[in-house]
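**Q** Mind looking at a prediction? Sequence and model below.
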Amino acid sequence: MSTEKVYSGSCFCGAVQLEVRGEPAAAGYCHCDSCRRWSAAPVNAFSLWKPESVKVTHGADNLGVYNKTERSYRKWCKTCGGHVFTEHPGFELIDVYAAVIPDYPFEPHLHVFYEETVLPLRDGLPKMADIPAQMGGSGKTLPE
């Protein structure tokens, strides 16, 4: 019997449903201009999962996709327009927005693209200028 945790989520209307299994590779807050515009918010809470840990359980044919760049394929529900997740093929990770999986106990580890922030936060978490060096970023941290 598997003890792997499973969290369920959906788009705004429920037409697209998904599951994530296990633990995310990372979780935190993104302050980049693209995420802010996509989420219509000053900051986006992300949870990054290996592709094999994410499964659309209902409504896969109802997912729309938009990619401004090859780094991010943003998926949303064609019925309600609710954002569901973003595939990052270069990182081999999928960002399932924390708000989409309400039973997932979101525990952020860092802020990314903090150099672009419009909402400074003082929470004691590392503030990366862009992304960690192991993901191709500068690895530079910024003060709170």
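**A** Nice, thanks for sending it over.

**Q** what about residue 82, how many neighbours?
**A** By the criterion of other Cβ atoms under 10 Å, residue 82 has 18 neighbours. All C-beta atoms are positioned from the backbone trio N, CA, C, and that covers glycine.

**Q** residue contacts, it?
**A** Shown in contact with residue 82 (Cβ atoms under 8 Å, 6 or more residues apart in numbering): 11, 12, 13, 16, 76, 100.

**Q** give me the number of residues near the closest residue to the fourth one other than its chain neighbours?
**A** Translated: residue 16. If the residues on either side of it in the chain are set aside, residue 16 comes closest to residue 59, at 3.9 Å by Cβ to Cβ, 6 or more residues apart in numbering. Using other Cβ under 10 Å, residue 59 is surrounded by 19 other residues.

**Q** how about the helices in this structure?
**A** In the chain, the helices defined using DSSP state H lie at 33-39.

**Q** Where does pLDDT dip in it?
**A** 1-2 (pLDDT under 70).

**Q** Now do the strands in it.
**A** For the chain, the strands defined by DSSP state E occupy 6-10, 17-21, 26-30, 44-49, 54-58, 63-69, 72-77, 83-88, 93-96, 110-112, 127-128, 141-142.
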